[in-house]
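# Based on what follows, work out the 3D shape:
(chains A and B)
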Amino acid sequence: MIRFRRLLAGLLLFLGAGAAGAQGVLLDQGEIDAALLHGPWPPPRTGDPSNRVSGIPEAIELGRILFSSPALSSGGRLSCASCHDPDNGFTDGLETARSHVGRLDRNTQGLFNLAGMRWFGWDGRSDSLWAQSLLPIIRSDEMALDVGQIADALQDGPLRERYEGLFGPADSQAPDRNLANVGKALAAYIETITTGKTPFDRFRDALEAGDLEAAAAYPEDAQRGFRIFAGKGKCTFCHVGPLFSNSEFHDAGVPYFVEPTRVDTGRHGGIEALLGSRFTLRGAFSDDPAKTGAWKVERLVRSHDDFGTFRTPSLRELTRTAPYMHNGSLATLRDVVNHYSTIDLERMHTDGEAILEPLDLSERETADLVAFLESLSTR
Amino acid sequence: MRKRVCLAVCLAMAVPACAQADCPVPEGWLALQPVGASDAVVAVQLPSTPLPVGELFDIEVSVCDPQDGNLPLARADAMMPAHRHGMNYRPEIAGHGPNLHTVKGFMFHMPGAWQISIELGAVERQRFVLGVTAE
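Next comes the predicted model:
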């Protein structure tokens, strides 16, 4: 079907303009084909079979309340929203997160469009959104709630009735069951944090429809930027599809030393945590009797070059989620482009992504690529 | 002798589909290239061309060896030669039928040129490869 759409788009463009270069569309047919692969947007919505309350309005509402409730943190100091600020792109705008223990090691990721992703977190330590959602609650350096206290926390105000309505009385359940249920309610809410069409999506849709006039409304600098993105930038090897992410793990040349004597092990540590977790899609807390997603854990290939790799982030809503990279070390999109333009190959794994090399972009190319990246946001 | 001549001609022509007369490649299937000498013919049936990115897919594998009718399929894998890495998930060989196998759970996490690799043999391995594209 996708192939037919692409053929149709090419034919319509040919009939309409004779050449794609006319009327402000700069891309050639190969580049148009590449652009079409990044849509359509939004993708069809499907529920999470491992979360029985996915998509249920009462669960979404409970999740929304839990998200901003400090009741789930030790001492009532923090909520999810403390770092994932809804008014700030669901992140905190800081290089790395802060908590009661001080500065943490990683940048707070935004929460847009997470439903259906393969892995969660910078190191992919969770294979479901509900499993990822419960982790900050019990991590000692984040919300630090003693899991044994969670039933008490769920007695708080509006939480009790809503929780019981969905899952039954909290105090009659084991703490891990309470925790999984809280994660599922949070996930039901986070699944609803989605974004609409961007300038790039409208450009892409116009290309697919063969509507050159509409496509020409997309700025030429952004079009030139897409050429670099899909061409010599080789960005589309990792930033694939409608989400602009392959949801896998790569060494992008960002240092993984947190301190001179301490490293962030990235995916290596993520796999260790995943394999030791009782909250995975193959485990007892998944509500999917078919264990549909269990293959991810069961067939995982471990490799020494997992060390220091991090999950490819989606590029949607980039302008709302600065700073960038797993350690938040790059403040602006221009800094990110400059990083890849001058990437230090000495810092890469010897057996890392062999295709990465400094892009050596000109000032204009840098500005064009930034213009394209900015067009992946709704505002 | 006839087989050896046929094999030599096939290898010299470097045409994957030029299988030995005893081992015809089924229509619509693709023959893999042996890495080193082998009398066996390995062919695969792919779900699509190009192959998908970020989606699980299965392949059918046909093994024919005039010298050994029960040559086992020992391993199936894939890598990106230009990137020097393989897949992040291990495919599973299922349905060990006589010379016909289903390999489940390939997943290409990047677009571009991949190389599917099939290894035969219980002790000494014979390796066969096929270049494919993911998009």
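# Tell me the buried residues in stretch A:51-58?
By neighbour count with 16 or more other C-beta atoms under 10 Å in any protein chain shown, stretch A:51-58 contains the buried residues A:51-56. Every C-beta, even on glycine, is put in place using the N, C-alpha and C of the backbone.
# whoops, I mixed them up, stretch A:268-276
The neighbour-count check on stretch A:268-276 (16+ other C-beta under 10 Å) flags A:268-271, A:274 as buried.
# what does chain B put close to chain A?
Taking C-beta under 8 Å from any C-beta of the partner chain as the test, the list of chain B residues beside chain A reads B:53-54, B:56, B:82-92, B:105, B:109-112, B:135.
# Filter these down to just the buried residues.
The neighbour-count criterion (16+ other C-beta under 10 Å) marks B:53-54, B:83, B:85-91, B:105, B:109-112, B:135 among these as buried.
# Would you mind measuring from the residue nearest to A:Gly124 when sequence neighbours are not counted to A:Ala170?
Nearest-residue entry for A:Gly124: A:Gly270, 4.6 Å, with adjacent residues in sequence omitted and distances by C-beta to C-beta, 6 or more residues apart in numbering or on different chains. Per C-beta to C-beta, to the nearest Å, A:Gly270 is found 30 Å from A:Ala170.
# if we can go back for a sec, just the element for the residue nearest to A:Gly124, please.
Under the criterion DSSP states H and E, the helix or strand holding A:Gly270 is helix A:267-275.
# Could you do A:Phe372 as well?
With elements taken from DSSP H and E, the one containing A:Phe372 is helix A:363-374.
# How far away from the center of its chain is that helix?
The offset between the C-alpha centroid of helix A:363-374 and the centroid of the whole chain comes to 22 Å, using C-alpha atoms, centre = their mean, to the nearest Å.
# pull the CA atoms of it into PDB?
Only the C-alpha atoms of helix A:363-374 are listed here, as PDB (Å, rounded to 0.1, in the frame of the first residue of the first chain):
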ATOM      1  CA  GLU A 363      27.000  27.600   7.900                       C
ATOM      2  CA  ARG A 364      24.100  27.500   5.500                       C
ATOM      3  CA  GLU A 365      23.800  23.700   5.600                       C
ATOM      4  CA  THR A 366      23.700  23.900   9.400                       C
ATOM      5  CA  ALA A 367      21.000  26.500   9.300                       C
ATOM      6  CA  ASP A 368      19.000  24.400   6.800                       C
ATOM      7  CA  LEU A 369      19.200  21.300   8.900                       C
ATOM      8  CA  VAL A 370      18.100  23.200  12.000                       C
ATOM      9  CA  ALA A 371      15.200  24.600  10.000                       C
ATOM     10  CA  PHE A 372      14.200  21.100   9.100                       C
ATOM     11  CA  LEU A 373      14.400  19.900  12.700                       C
ATOM     12  CA  GLU A 374      12.400  22.800  13.900                       C
END
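# taking the mean pLDDT, what do you get for it?
Averaging pLDDT along helix A:363-374 yields 98.
# That helix - contacts with which helices or strands?
Here helix A:363-374 touches helix A:220-230, helix A:333-341, going by 3 or more C-beta pairs under 8 Å, 6 or more residues apart in numbering or on different chains; DSSP states H and E.
# Any idea which of these gets closest to A:Arg139?
helix A:333-341 (27.8 Å; C-beta to C-beta).
# if we can go back for a sec, filter the buried residues of stretch A:51-58 down to just the ones in helices.
By the criterion of DSSP state H, membership of these in helices covers no residue at all.
# Adding distance to A:Arg302 and pLDDT, write those residues out as TSV.
Below are the buried residues of stretch A:51-58 laid out as TSV (distance: C-beta to C-beta, whole Å; pLDDT from 0 to 100):
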residue	distance to A:Arg302	pLDDT
A:Asn51	27	98
A:Arg52	31	98
A:Val53	33	98
A:Ser54	30	98
A:Gly55	34	97
A:Ile56	36	98
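# for these, which one is nearest A:Ala144?
Within the buried residues of stretch A:51-58, distances to A:Ala144 taken as C-beta to C-beta reach their minimum at A:Asn51, with 24.5 Å.
# Run through the residues that contact the closest one.
The contact partners of A:Asn51, by C-beta atoms under 8 Å, 6 or more residues apart in numbering or on different chains, come to A:128-130, A:184, A:187-188, A:287.
# how does it look with 7 Å?
By C-beta atoms under 7 Å, 6 or more residues apart in numbering or on different chains, A:Asn51 lies in contact with A:130, A:184, A:187-188, A:287.
# Between these, which sits nearest A:Leu361?
Looking at the contacts of A:Asn51 and their distance to A:Leu361, the nearest is A:Ala187, at 39.2 Å (C-beta to C-beta).
# Secondary structure element holding the closest one?
Assessed by DSSP H and E, A:Ala187 sits inside helix A:175-190.
# Can I get the next helix or strand after that helix as PDB, trimmed to CA atoms?
Following helix A:175-190 in sequence order, the next helix or strand is helix A:199-209 (DSSP H and E). This file holds the C-alpha atoms of helix A:199-209, laid out as PDB (Å, rounded to 0.1, in the frame of the first residue of the first chain):
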ATOM      1  CA  PRO A 199       4.800  21.700   9.100                       C
ATOM      2  CA  PHE A 200       6.800  18.700   7.900                       C
ATOM      3  CA  ASP A 201       3.700  16.400   8.100                       C
ATOM      4  CA  ARG A 202       1.700  18.800   6.000                       C
ATOM      5  CA  PHE A 203       4.500  19.000   3.500                       C
ATOM      6  CA  ARG A 204       4.800  15.200   3.400                       C
ATOM      7  CA  ASP A 205       1.000  14.800   3.100                       C
ATOM      8  CA  ALA A 206       0.900  17.300   0.200                       C
ATOM      9  CA  LEU A 207       3.700  15.400  -1.600                       C
ATOM     10  CA  GLU A 208       1.700  12.100  -1.100                       C
ATOM     11  CA  ALA A 209      -1.400  13.800  -2.500                       C
END
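# what's the average pLDDT for the following helix or strand past helix A:199-209?
For helix A:199-209, the following helix or strand on the C-terminal side (DSSP H and E) is helix A:212-215. Averaged over helix A:212-215, pLDDT sits at 95.
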